[in-house]
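Visitor: this is a predicted model, with the sequence first.
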Amino acid sequence: MNYKCLFFFLISTFTVSAKQIEVCNTCTVKTIKEAVKIAESGDEIFIKEGIYKEQDIIINKEISLIGEKGTIVDGENIGSVFIFKTDNFTIKSVKIINIGMSYTVEYCAIKVIKAKNFTIEDCILENVFFGILIEKSKKGIIRNNVISGNRKSEASSGNGIHIWDGDEMEIYNNELFGLRDGIYFEFVKNSKAYQNKSYENIRYGLHFMFSNNNKYHHNEFRNNGAGVAVMFSKFITMHDNTFKLNWGSASYGLLLKEIYDAEIYNNLFEENTIGLNGEGCTRINYKNNTFLRNGWAIKIAGACYANIFESNDFMHNSLDLSYNSKINDNTFENNYWSEYTGYDLDKDGIGDVPYRPVKLFSYVVNRTPEALVLLRSLFVDIINFSEKVSPVFTPDDLMDNNPIMKRIND
């Protein structure tokens, strides 16, 4: 019983001692740095409406930093603004603008170093180099933020949300544009990114490197330089995402390189130069995805084994499938192909003759890209028909033996 009394006494003492520190031009505390200096763990710093021209605010106490509507912290294009080196912190409803640019230093609006149990939410980060940079941290939530930059090249721009060596991170409901990469994961595990909108970025909407056991879903990646790239990772689940309008000479909706044991389902690939580009991908299940009006729906390079493509819709793509090997170790089964011209005499909804998705013309274009100008010509129809009758250049066993007659995924 005495222990219980002591526990409640300590809790009540902590609650009473925690205080709110107001910051404004007419307050006793006029700068954020001053407020941080006098604050103690558990305190809340409330930044009232106004413009605060401050940089390199280092926070090493477990505090909450809350902004009033109209609160703006201006980095004056000099360097970083907030640098957190503590656990159990919150930063909310703060607008941060004008982060410095450097070719050697990763200046950012919010930097987090070796922290856990933190929240970054409802912030507007504008004209940033890096927006939010997380290093060696875990159990963080990043939500409801708007992050934008206006850089013109990869070298002079940073990433919106950049996480290096993270665990159990949750990133959702963020809007990211005008950056190098919208979201970047490097050595990140057991984390989620969902319901984000990442668009008009110079390079990728989302970029994974050496990051395992992660999920991303219900995101929109639109009009980025090269869509999304997932590289050198395993056990990734990607579902209910939209990859749209990622156009360019070397652009794609989704690039997979050296990926193992992944689940990719219920995604929409619409109007990309290449919907999905895979290289060195093994044991991946592609199911219930829609490939709509892309240049190439799918390009498969070498070392892709034991992948299963099932119940996907391939609709009105210029080329459904590009395959650069004569050996096939992947399965295509029960997909819908808008280019399929077979029949269904027994009316069971499955085509009575197999469909060969790899056309000879696709093989030709891979080796001579200039040949693409012949795409709609009679010549292309003739060579595709001849290859269909007697395959020589395309994999003999690469076919969908049970093509579905009607669209699967509405």
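Guide: Now that the structure is in, tell me what you want to look at.

Visitor: identify the residues contacting residue 105.
Guide: Counting by C-beta atoms under 8 Å, 6 or more residues apart in numbering, residue 105 makes contact with residue 79. To be clear about C-beta, it is placed using only N, CA and C from the backbone, and glycine gets the same treatment.

Visitor: can you give me the end-to-end distance of stretch 69-83?
Guide: Using C-alpha to C-alpha, to the nearest Å, the end-to-end distance of stretch 69-83 comes out at 22 Å.

Visitor: may I see the buried residues of it?
Guide: By neighbour count on 16 or more other C-beta atoms under 10 Å, the buried set for stretch 69-83 is 71-75, 79-83.

Visitor: now pLDDT too, for those residues, in a markdown table please.
Guide: Formatted as a markdown table, these follow (pLDDT from 0 to 100):
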| residue | pLDDT |
| --- | --- |
| 71 | 97 |
| 72 | 98 |
| 73 | 98 |
| 74 | 98 |
| 75 | 97 |
| 79 | 93 |
| 80 | 97 |
| 81 | 98 |
| 82 | 98 |
| 83 | 98 |
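
Visitor: and the chain, what are its domains?
Guide: Segmentation of the chain into domains, based on automatic domain parsing, reads 19-225, 243-358+395-410.

Visitor: that older thread, next step: the buried residues of stretch 69-83 restricted to strands.
Guide: 71-74, 82-83 (DSSP state E).

Visitor: of all the residues you listed, which comes closest to residue 118?
Guide: When those are compared for distance to residue 118 (C-beta to C-beta), residue 82 wins out at 11.7 Å.

Visitor: show the contacting residues for the closest one.
Guide: 57, 59, 65, 73, 91, 96, 109-111.

Visitor: so it bridges to which residues?
Guide: Per DSSP bridges, the residues bridged to residue 82 are residue 57, residue 110.

Visitor: what's the separation between it and residue 140?
Guide: Distance from residue 82 to residue 140, counting by C-beta to C-beta, to the nearest Å: 14 Å.

Visitor: then residue 61?
Guide: Residue 61 sits 17 Å away from residue 140, taking C-beta to C-beta as the criterion.

Visitor: now do residue 398
Guide: Plainly put, residue 398 is 44 Å away from residue 140 if you go by C-beta to C-beta.

Visitor: what's the answer for residue 20, then?
Guide: 24 Å.

Visitor: neighbour count winner among these two?
Guide: Each of residue 20 and residue 140 has its neighbours counted (other C-beta atoms under 10 Å); residue 140 has more, 23 against 11.

Visitor: quick one: which of the buried residues of stretch 69-83 is nearest residue 194?
Guide: Nearest to residue 194 out of the buried residues of stretch 69-83 is residue 82 (C-beta to C-beta; 24.9 Å).

Visitor: which residues sit against stretch 159-169?
Guide: 106, 108, 125, 128, 130-142, 147-149, 171, 174, 176, 179-192, 198, 201, 207.

Visitor: just list the residues touching residue 276, thanks.
Guide: Applying C-beta under 8 Å, 6+ apart, we find residue 276 in contact with 252-254, 256, 269, 286, 291, 297-299.

Visitor: sec struct for it, please.
Guide: Recorded secondary structure, residue 276: strand (DSSP: H, G, I helix; E, B strand; the rest coil).

Visitor: so it bridges to which residues?
Guide: residue 254, residue 298.

Visitor: now the buried residues of stretch 69-83 in TSV, with distance to residue 36?
Guide: Listed next are the buried residues of stretch 69-83 as TSV, based on distance: C-beta to C-beta, whole Å:
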residue	distance to residue 36
71	15
72	18
73	12
74	17
75	16
79	17
80	14
81	12
82	10
83	11
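
Visitor: and of those residues, the nearest to residue 278?
Guide: residue 80 (37.9 Å).

Visitor: the closest one contacts residue 112, doesn't it?
Guide: No - if you go by C-beta atoms under 8 Å, residue 80 and residue 112 don't touch, sitting 11.4 Å apart.

Visitor: related to what we said a few turns ago, including distance to residue 216, could the ones in strands among the buried residues of stretch 69-83 go into a markdown table?
Guide: Listed next are those as a markdown table, based on distance: C-beta to C-beta, whole Å:
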| residue | distance to residue 216 |
| --- | --- |
| 71 | 31 |
| 72 | 31 |
| 73 | 30 |
| 74 | 33 |
| 82 | 26 |
| 83 | 27 |
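
Visitor: so residue 231 versus residue 206, what's the distance?
Guide: Distance, residue 231 to residue 206, by C-beta to C-beta: 11 Å.

Visitor: between the two, which is the more surrounded one?
Guide: Between residue 231 and residue 206, residue 206 has the larger neighbour count (other C-beta under 10 Å), namely 29 against 17.

Visitor: what helices and strands are in contact with the helix or strand containing the more buried one?
Guide: Using DSSP states H and E, residue 206 sits within strand 204-209. Under the contact definition 3 or more C-beta pairs under 8 Å, 6 or more residues apart in numbering; DSSP states H and E, strand 204-209 sits against strand 181-189, strand 197-199, strand 220-222, strand 228-234.

Visitor: isn't residue 56 up against residue 73?
Guide: No - with contact defined as C-beta under 8 Å, residue 56 does not count as touching residue 73 (11.6 Å).

Visitor: how about residue 222, nearest residue that isn't a chain neighbour?
Guide: Spatial nearest neighbour of residue 222, chain neighbours left out: residue 199 (4.2 Å); criterion: C-beta to C-beta, 6 or more residues apart in numbering.

Visitor: residue contacts, that neighbour?
Guide: With contact taken as C-beta under 8 Å, 6+ apart, residue 199 is in contact with 176-177, 182, 205, 220-224.

Visitor: let's have those in a markdown table, adding distance to residue 235.
Guide: Listed next are the contacts of residue 199 as a markdown table, based on distance: C-beta to C-beta, whole Å:
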| residue | distance to residue 235 |
| --- | --- |
| 176 | 25 |
| 177 | 29 |
| 182 | 22 |
| 205 | 21 |
| 220 | 24 |
| 221 | 21 |
| 222 | 27 |
| 223 | 29 |
| 224 | 25 |
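
Visitor: could I get those as JSON lines with distance to residue 334, pLDDT and neighbour count?
Guide: As requested, those are exported to JSON lines (distance: C-beta to C-beta, whole Å; pLDDT from 0 to 100; neighbours: other C-beta atoms under 10 Å):
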{"residue": "176", "distance to residue 334": "36", "pLDDT": "98", "neighbour count": "30"}
{"residue": "177", "distance to residue 334": "38", "pLDDT": "97", "neighbour count": "20"}
{"residue": "182", "distance to residue 334": "34", "pLDDT": "97", "neighbour count": "32"}
{"residue": "205", "distance to residue 334": "30", "pLDDT": "96", "neighbour count": "33"}
{"residue": "220", "distance to residue 334": "28", "pLDDT": "98", "neighbour count": "16"}
{"residue": "221", "distance to residue 334": "27", "pLDDT": "97", "neighbour count": "28"}
{"residue": "222", "distance to residue 334": "29", "pLDDT": "96", "neighbour count": "21"}
{"residue": "223", "distance to residue 334": "32", "pLDDT": "95", "neighbour count": "17"}
{"residue": "224", "distance to residue 334": "31", "pLDDT": "94", "neighbour count": "31"}
